[in-house]
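Trainee: coords please:
(chains A and B)
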Amino acid sequence: MAIAIGIDVGSGVIKTALFRVDGDSAEWLARWDARIRQRDSFQLVEESLAYVLEKAGLARENVDYVATTGEGESFQGATGHFYSMTTHARGALHLNPEARAVLDIGALHGRAVLIDEKGKVLNYRMTSQCASGSGQFLENISRYLGIAQDEIGALSMKSTNPEKVSSICAVLAETDVINMVSRSIPPSDILRGIHESMAERLIKLLKSIDVKQGVVMMTGGLALDAGLVSAIQDGMEKQKMATRVATHPDSLFAGAIGAALWGAFRHRKLKALGRLPKAS
Amino acid sequence: MEARTVKEIVAFCQGLFDDLDFTRAREWKAAVPGRKVIGYMPVYVPREIIHAAGMLPLGILGGGADMEVIHGDAYYQSYICRIPRSTVELAVTGRLDFVDGMLFPSICDVIRNLSGIWRILFKEKYVRYFDAPQNFREDVGGVFYSNELREFREGLEKLAGRRIADAEINASIEVYNENRLWVNRVYDFRADFPWKAPSAEVYLLMRAGMVLPPEEHTLLMREYLSAAGAQDRPMRDNCRVVLTGVFCEQPPLNLIKSLEISGCYIVDDDFLLVCRWLLEDVQADGDPIENLSRAFLLHSAQTAAKYEADMEVKGRYLIDAIRRRRADGVIFAAPSFCDPALLDQPMMISRLDALKIPYITMQYAENSGQMQPIREQSGTFADSIKLWSSS
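Mentor: As a prediction, this is how the structure comes out:
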């Protein structure tokens, strides 16, 4: 049995998950998430640790492995760090055992990962430095439209006549959107147009790593955007791909879940090898 | 005097590393009239002879990550590595004006050409292209190398205006034997406790040895080992790697830090090989030239900088290092356009493939600034070792 904590330090949000892992059984005991909003990331990480430990009724010394992922590699309190594609792969598989590919879309990047049935990363590719496939881009658009972020998905689903936007560049796309607003295009059609443009980029990313069939699990903050999920599914159908997109209410936590589960795995492995990390 | 902490020692080394005016070496020279400083480039020169002449051997390893190269680019084509450009930049901007002579070891054509450029630019300085044998038979390469060492000794004698006695060279051989002993102890300590001796610290400690007199560098290493051994630091679940290919142009310090932050403890490397080139003590009595020559021929590190005719033997040094240091894999990091490192790599990789030892390859320049792709590459490499290998 191992107690493991996974901490996913994203560009916009920190997610923390505490698990008790016993053989093949993994029990999720506590979770925490918060937007960073220009605060000190590692101070927030400490806060999250205190919160999940209290919630699970555990003390720090009860924890066998603290695993960071995302941008948490410099956190001094970690036992080890895993990279985002590794943890999102494992987290996606935990949330949906049928997943054979992952689309992780966070605040600044989109990432496609091809995985096997054990969660091993077979291939991956990220969006380039352009922000037009990311959550930050959508956040900016929602600000221009004067709507709350959690309204985006539902509004997009109401669209009847999606307005096409530039799929190349966030700056051009934002200019497009400002023009659309001045032309009185309804927000639902603007949002659907943006979702379709993002979906087009993300499907290209999936194809570039040879994802041809099976479940594509969405993780990261935008996995909860029903409008984007629907646009990706429609895009796949249009392109006659034998893939199905899936999401989960806990998709936001996929990185933290993966980090915790890999941490527990490493604890078991290191224990067997007699090489458990400890303070010098 | 109170012993310095690790932080203080590292800050001292960082200060030497950052100082492209080589203030410490200038001060050493100015302290006694008539003192001379001899610069040398990677990979190996017999510093014992320079030391015996009463001169300071000064390692010149390019301009580092932050120096802007303006004049240096005019001397080399765009497909040449960065170290010769930044070294020319150091010189033409007056940062090496106190250096009385320069040695250019036979590492590659680019450095050989640099020795020619130096002769043209600095006619009044002592300049030597330091040729090393690629034939390791004592009756062929040995004779050639001994003659090379004698010529070098005579050159320094002319510069010093006095003879360099055998006894003086033997005394310097002892100084450098002691220095290598402590260099190896630092490397052994890091391999045993990589979380207590991060590679960026060890690197800075070795870089200090490029500027300080060897006796002072030895004391510094002893002080560091004592302080690092006593300091508590958390051990991380990192994989263990050997870093190779970094023997000439140096990567930015941030690259070394990034590799460790991303989850790779560096447990051996080929940085600053001049400190570890000779694998055994050099005999410190008898004919010092013959002893230095034999040490080079028979007991020197087998790296990309040294020709190995026997393909059965090629790569054995790296594989021995992997085993001795209990490394999980290898990171081949080569400077862009580095012929010795990049030509060696396929031969090394074929040996690792045969033994199923994991590795990754990457390239850098001394001024590489974007570390995110490097961290991602080395981090996923660490993940693959931790999750999918037997380690």
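
Trainee: Which parts of chain A are strands?
Mentor: Here chain A has its strands, by DSSP state E, at A:2-9, A:13-22, A:25-35, A:65-70, A:80-81, A:99-105, A:110-115, A:121-126, A:213-219, A:242-246.

Trainee: Out of the ones you listed, flag the one nearest chain B.
Mentor: strand A:80-81 (3.2 Å; Cβ to the nearest Cβ). C-beta here means a position set from N, CA and C on the backbone, and glycine is covered the same way.

Trainee: hmm, that closest one touching chain B?
Mentor: Yes: judged by Cβ under 8 Å from any Cβ of the partner chain, strand A:80-81 and chain B are in contact via A:G80, A:H81.

Trainee: which residues are contacting that strand?
Mentor: A:65, A:67-69, A:72-73, A:263, A:266, A:277, B:236-238, B:261-263, B:379, B:386 (Cβ atoms under 8 Å, 6 or more residues apart in numbering or on different chains).

Trainee: where does the chain dip in pLDDT?
Mentor: In the absence of a named chain, this looks at chain A. Confidence mapping of chain A against pLDDT under 70 gives the ranges A:128-133, A:166-170, A:278-280.

Trainee: Can you look at chain B instead?
Mentor: In chain B (pLDDT under 70), the answer is B:1.

Trainee: check contacts around the closest residue to chain A within chain B.
Mentor: As assessed by Cβ to the nearest Cβ, chain A sits closest to B:D237 within chain B, at 3.2 Å. Applying Cβ under 8 Å, 6+ apart to B:D237 gives the contacts A:Y65, A:T79, A:G80, A:R266, A:L270, A:P277, B:G263, B:K386.

Trainee: Confirm that it lies within a helix, as I assumed.
Mentor: No: assessed with DSSP: H, G, I helix; E, B strand; the rest coil, B:D237 is coil; it does not lie in a helix.

Trainee: Name the nearest residue to it, ignoring sequence neighbours.
Mentor: Leaving aside its sequence neighbours, B:D237 sits nearest to A:G80 (Cβ to Cβ, 6 or more residues apart in numbering or on different chains; 3.2 Å).

Trainee: From B:C13, how far out is that neighbour?
Mentor: Distance, A:G80 to B:C13, by Cβ to Cβ, to the nearest Å: 28 Å.

Trainee: In PDB, list the C-alpha atoms belonging to stretch B:273-287.
Mentor: Coordinates of each C-alpha in stretch B:273-287 appear next as PDB, following Å, rounded to 0.1, in the frame of the first residue of the first chain:
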ATOM      1  CA  LEU B 273      38.900  16.600 -19.400                       C
ATOM      2  CA  VAL B 274      42.300  18.300 -18.800                       C
ATOM      3  CA  CYS B 275      41.600  17.600 -15.100                       C
ATOM      4  CA  ARG B 276      41.000  13.900 -15.600                       C
ATOM      5  CA  TRP B 277      42.700  13.100 -18.900                       C
ATOM      6  CA  LEU B 278      45.500  11.000 -17.200                       C
ATOM      7  CA  LEU B 279      43.900   8.100 -15.500                       C
ATOM      8  CA  GLU B 280      46.800   7.200 -13.200                       C
ATOM      9  CA  ASP B 281      49.400   9.100 -11.300                       C
ATOM     10  CA  VAL B 282      52.400  10.200 -13.400                       C
ATOM     11  CA  GLN B 283      55.700   8.900 -12.100                       C
ATOM     12  CA  ALA B 284      57.300  11.800 -10.200                       C
ATOM     13  CA  ASP B 285      60.900  10.800 -10.500                       C
ATOM     14  CA  GLY B 286      63.300  10.100 -13.400                       C
ATOM     15  CA  ASP B 287      62.900  11.800 -16.800                       C
END
